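> Below are the sequence and a predicted model for it; my questions follow.
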Amino acid sequence: MPMCAVTGATLQCTFGLAPSTLVALPTPRVMIEGRPAAVITSTITGANIPPFAMCSSLANPTVAAATSAALGVLTPMPCVPTVVGTWLPGAPRTTLGGEPALTAGSQCMCAYGGVITMSMPGATRTQAN
């Protein structure tokens, strides 16, 4: 069974320069191992998913413009994750506040083509199914 995701989970985007850290809002009011637990809708840019330093996706308009200005040399620009949809798959049978719990192995997509994954869920002892 996968581990539950909580505030402090380590995230990575395929087009991001550096990892980021999940911030689970305490809206379901569920704490796991002393930290707020995340659900599959924990995808708010800035609130749940902070930037990944710099973005290198040419689908990102700021990266495309900077690369064009540099005569085709890829020029990363500051990351502003723009998540589309929810984390998938989440926990099929474990819900928090009526929504599936977020678990290790879940992924979400950035509008600029990046895949955001969780390399460490934050919880070390609590599993969901």
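Looks like it arrived, so ask away. Numbers count the residues shown, from 1 in each chain.
> contacts for stretch 5-13?
19-24, 32-33, 35-38, 42, 49, 52, 55, 79, 81, 101-104, 106, 110, 114-123 (Cβ atoms under 8 Å, 6 or more residues apart in numbering). In this view, the C-beta of every residue, glycine as well, is placed from N, C-alpha and C.
> Which of these are buried, as a PyMOL select command?
A single PyMOL command selects the buried members of the contacts of stretch 5-13 (16 or more other Cβ atoms under 10 Å):
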select buried, resi 20+22+23+24+32+35+36+37+38+42+49+52+55+79+81+101+102+103+104+106+110+114+116+117+118+120+121+122+123
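> which strands and helices sit next to the least confident helix or strand in the chain by mean pLDDT?
Using mean pLDDT, DSSP states H and E, strand 115-127 stands out as the lowest-scoring helix or strand of the chain, at a mean of 81. Packing contacts for strand 115-127, counted by 3 or more Cβ pairs under 8 Å, 6 or more residues apart in numbering; DSSP states H and E, involve strand 3-13, strand 107-110.
> rerun that using 10 Å as the cut-off
Under the contact criterion of 3 or more Cβ pairs under 10 Å, 6 or more residues apart in numbering; DSSP states H and E, strand 115-127 touches strand 3-13, strand 20-21, strand 31-32, strand 35-36, strand 83-88, strand 107-110.
> so that strand versus strand 3-13, what angle?
Here strand 115-127 runs at an angle of 160 degrees relative to strand 3-13 (axes from the mean of the first three to the mean of the last three Cα atoms, to 10 degrees).
> What strands line up against strand 115-127, and which way round?
Strand pairing for strand 115-127, using DSSP bridges, gives strand 3-13 (antiparallel), strand 107-110 (antiparallel).
> Reformat these as CSV; add mean pLDDT and distance to Asn60.
Formatted as CSV, these follow (pLDDT from 0 to 100; distance: least, Cβ to Cβ, whole Å):
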stretch, mean pLDDT, distance to Asn60
strand 3-13, 93, 11
strand 107-110, 97, 9
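> okay, these in a markdown table with distance to Thr62 next?
Listed next are the strands paired with strand 115-127 as a markdown table, based on distance: least, Cβ to Cβ, whole Å:
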| stretch | distance to Thr62 |
| --- | --- |
| strand 3-13 | 15 |
| strand 107-110 | 13 |
